[in-house]
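**Q** Provided below are the primary sequence and the corresponding predicted coordinates.
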Amino acid sequence: MDITFTDREAGVMQVLWDSGPSVVAEVRAQLADELAYTTVLTVLRTLEAKGYVGHTEEGRGHRYFAAIAQQEARKSALAHLTSKLFKGSAELLFAHLVSDRKLGADEIARMRKLLADSAKDKP
């Protein structure tokens, strides 16, 4: 499944992942941008039409919930990014991340451990 979000959709999804099922007003209150209630509702309905969000009836309104896991969305976004900008090469992506950032000793140690653990899992 190719999962893609606009910036606004990603913000709404992050609220649902962080806070769990929420009504429109709760989502709106947690967004960085001040958006109209109807705008947030439209984004939620769009996400629902794409299959990324679901809802349950709650009184006269709806309580929306993430229908996809955050990890699944991250994996899809990273695959898309790697394919489009790094010629499908995870090595190029990794090299860019390492060379473009000032990494602290702790981050480098964690990355080395992840690489070592990954190498152990390969046949």
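**A** Yep, it's here.
**Q** Could you use CA atoms for every contact and neighbour count after this?
**A** Noted.
**Q** Okay, strands next: where are they in the protein?
**A** 53-58, 61-66 (DSSP state E).
**Q** closest one to residue 23 among the ones you listed?
**A** Residue 23 lies closest, by C-alpha to C-alpha, to one member of these: strand 61-66, at 4.5 Å.
**Q** Now do the closest one and strand 53-58, the angle between them.
**A** Strand 61-66 and strand 53-58 are oriented at 150 degrees to each other (axes from the mean of the first three to the mean of the last three C-alpha atoms, to 10 degrees).
**Q** Would you check that residue 4 makes contact with residue 79?
**A** No: using C-alpha atoms under 8 Å, residue 4 is not in contact with residue 79, being 11.0 Å away.
**Q** rewinding a little: quick one, which of the strands of the chain is nearest to residue 26?
**A** Nearest of those to residue 26, taken as C-alpha to C-alpha: strand 61-66 at 9.6 Å.
**Q** List the contacts of the closest one.
**A** Applying C-alpha atoms under 8 Å, 6 or more residues apart in numbering, the contact partners of strand 61-66 are 13, 16-17, 20-24, 44, 52-57.
**Q** So for it, mean pLDDT?
**A** Taken as a whole, strand 61-66 carries a mean pLDDT of 96.
**Q** Check stretch 43-51 too.
**A** The model assigns stretch 43-51 a mean pLDDT of 97.
**Q** Of all the residues in it, which ones are buried?
**A** 43, 44, 45, 47, 48 (16 or more other C-alpha atoms under 10 Å).
**Q** Out of the contacts of strand 61-66, which end up buried?
**A** 13, 16, 17, 21, 22, 23, 24, 44, 52, 53, 54, 55.
**Q** What distance do you get for the closest residue to the fourth one other than its chain neighbours to residue 54?
**A** Spelled out, that is residue 21. Spatial nearest neighbour of residue 21, chain neighbours left out: residue 65 (4.4 Å); criterion: C-alpha to C-alpha, 6 or more residues apart in numbering. If you measure residue 65 against residue 54 using C-alpha to C-alpha, to the nearest Å, the figure is 5 Å.
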